[in-house]
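>>> Structure, please.
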Amino acid sequence: MKHLLAALLVPTTAFGFSAAQAETLDGAFATRYANPEDVFVLGAYIRTATSQGQYDQAISSIEEHLVRFADDGKARLAAARLYANVGSWDLAKKQADEALASGQLSAAETTEATELSRRAAQAIAGFEWFIDATAGIRVTSFDVDVPFNSWRDRTVTGAYGELAGALRYDLGTALGNAIILAGRFGVTREFQDAYMGYASWYGQPEGDTVNALDGRASATFDMGLPVDMFDAARLQVGVFTDYSTVHPTIRYRSLGGVVRGVVMPTVDTRLYAEYSYEDLSESDGIYADHAQGWEVGGSVRLSQAHSVGIAGRGRYEYAVNGVMTGRIEEAEFSYSGRLPFQPLGTIWTHDVVLAAGTFYTVAIPPSLPQRFSGEHWRAEWIHHFQIDGHNRIDASWEVTNTDFDQPGLSGRGSIIHAFSLGYTHRF
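Numbers count the residues shown, from 1 in each chain. Here you go, the predicted model:
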């Protein structure tokens with residue numbers, strides 16, 4: 001009996017499948033074609049195809065294997081994983097149940113197959129959900145050139161943690177209408193000086209390192225639209241509430257709504273536009289009473305492993321009398337891709353983000369308002385190392401540059417580097 005899962009877990013170099021071949025789907029396919037009877041080569045091909053997003057080819061190959069070895073329970077578990085990855089829940093449940101019935105699974109594999117079957121049953125019934133728990137550490141370096149006592153060069157190291165999750169309930173309509181509930185809550189140990197040099201009024205002449213809280217809860221109605229000229233179109237209407245702390249006396253609370261339209265001219269192209277409104281009247285220690293925001297953008301999938309996107313966005317905050325107290329506008333370019341390497345057997349993807357824009361803000365405390373304006377740019381490089389379907393390691397670097405242009409600060413600014421390393425487990 002040939003068990004395909006064993007091939008998926010054994011390094012391919014031990015069976016003559018070179019690292020150079022494993023890095024390309026063409027090389028893996030050529031080796032498989034030359035060795036049609038070698039189950040380890042087949043396993044290596046499936047692993048390579050999956051790492052490059054070619055799930056259809058991986059599924060085709062494993063189904064071909066199951067035609068010849070229908071009693072291979074471990075291969076059926078691998079097939080269940082693949083079907084779950086592409087959202088084919090009926091087939092995922094069928095393969096998981098048959099893997100369990102084979103009696104060939106280890107204790108850990110039995111647990112995994114049982115969980116896959118349960119998740120698939122929920123998805124078939126209309127429910128899909130996830131909960132992510134994340135913990136990590138962040139190092140932030142401040143390089144500052146402004147004439148305020150609390151703004152100076154420093155490096156701060158702090159831990160962070162977050163719980164995030166979502167529940168999607170399919171309403172069973174032909175257009176896939178659904179209700180989505182989502183939420184997140186995080187705590188970050190970080191340096192904050194929101195008082196723009198006036199922190200002494202709060203007993204913090206040089207700012208402070210605090211446990212910053214940040215959370216959001218939202219409910220969204222996701223509705224499909226009947227269209228003929230596009231591949232798909234959807235309208236999303238939602239409500240949300242945000243909460244965050246900047247200081248024990250400064251709390252940000254909002255209650256708002258958002259409308260978003262999404263159009264997919266082709267399966268590889270996505271365009272979107274959204275508008276949001278927030279009531280900030282329950283916040284403490286800030287000028288703003290309400291805010292409005294907008295965002296437009298799009299993305300194109302260049303291949304199974306690479307995509308690019310552009311976006312423009314703006315946010316505007318207003319006092320109770322309608323005077324603007326804050327504004328930020330920026331344009332953004334992004335790239336997402338899968339790298340042809342598998343360090344320690346992980347699937348390595350990365351995101352690159354470049355953005356630039358302008359800003360205006362009225363600083364706190366209200367007793368001594370100070371207006372700041374200028375330009376900013378930021379760059380992010382984020383790496384994801386997917387260990388398996390439940391565990392991921394993230395590493396990122398972000399740099400933000402701010403240049404002020406108001407009298408007294410013209411030509412001065414700051415640059416902030418942030419390095420993060422985190423681990424996420426999905427339940």
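
>>> and the longest helix anywhere in the chain, C-alpha only, in PDB?
The longest helix of the chain (DSSP state H) is helix 107-124. The C-alpha coordinates for helix 107-124 follow below in PDB (Å, rounded to 0.1, in the frame of the first residue of the first chain):
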ATOM      1  CA  ALA A 107      -4.000   9.800  16.300                       C
ATOM      2  CA  ALA A 108      -2.900  13.300  15.200                       C
ATOM      3  CA  GLU A 109      -4.200  12.700  11.600                       C
ATOM      4  CA  THR A 110      -7.500  11.400  13.000                       C
ATOM      5  CA  THR A 111      -7.900  14.600  15.000                       C
ATOM      6  CA  GLU A 112      -7.200  16.700  11.900                       C
ATOM      7  CA  ALA A 113      -9.600  14.700   9.700                       C
ATOM      8  CA  THR A 114     -12.300  15.000  12.300                       C
ATOM      9  CA  GLU A 115     -11.800  18.700  12.500                       C
ATOM     10  CA  LEU A 116     -11.800  19.100   8.700                       C
ATOM     11  CA  SER A 117     -15.100  17.100   8.500                       C
ATOM     12  CA  ARG A 118     -16.600  19.300  11.200                       C
ATOM     13  CA  ARG A 119     -15.600  22.500   9.500                       C
ATOM     14  CA  ALA A 120     -16.800  21.300   6.200                       C
ATOM     15  CA  ALA A 121     -20.200  20.300   7.700                       C
ATOM     16  CA  GLN A 122     -20.500  23.800   9.200                       C
ATOM     17  CA  ALA A 123     -19.600  25.400   5.800                       C
ATOM     18  CA  ILE A 124     -22.100  23.300   4.000                       C
END
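
>>> And for the nearest residue to residue 120 once chain neighbours are set aside, the neighbour number?
Nearest residue to residue 120 in three dimensions, chain neighbours excluded: residue 93, at 3.6 Å (C-beta to C-beta, 6 or more residues apart in numbering). Just so you know, the C-beta spots here come from the backbone N, C-alpha and C atoms, and that holds for glycine as well. Around residue 93 there are 22 other residues, counting by other C-beta atoms under 10 Å.

>>> Check the gap between residue 93 and residue 121 for me.
As defined by C-beta to C-beta, to the nearest Å, residue 93 lies at a distance of 6 Å from residue 121.

>>> returning to that earlier point: just say helix, strand or coil for the residue nearest to residue 120.
Judged by DSSP: H, G, I helix; E, B strand; the rest coil, the three-state class of residue 93 is helix.

>>> How about the one 5 residues further on?
The three-state label for residue 98, taken from three-state DSSP, comes out as helix.

>>> Could I get the contacting residues of it?
By C-beta atoms under 8 Å, 6 or more residues apart in numbering, the residues touching residue 98 are 73, 76.

>>> Excluding chain neighbours, what is closest to residue 337?
residue 306 (4.4 Å).

>>> The one you found and residue 59: what is the separation?
21 Å.

>>> Then residue 67?
Residue 67 is 13 Å from residue 59, where distance means C-beta to C-beta.

>>> related to what we said a few turns ago, bridge partners for the residue nearest to residue 337, pull those for me.
Counting by DSSP bridges, residue 306 forms beta bridges with residue 303, residue 337.

>>> List the contacts of it.
Going by C-beta under 8 Å, 6+ apart, residue 306 touches 335, 336, 337, 338.

>>> run the last query once more with 10 Å
Residues near residue 306 by C-beta atoms under 10 Å, 6 or more residues apart in numbering: 53, 300, 335, 336, 337, 338.

>>> same question, residue 264
Taking C-beta under 10 Å, 6+ apart as the contact definition, residue 264 lies against 227, 230, 231, 232, 233, 234, 270, 271, 272, 298.
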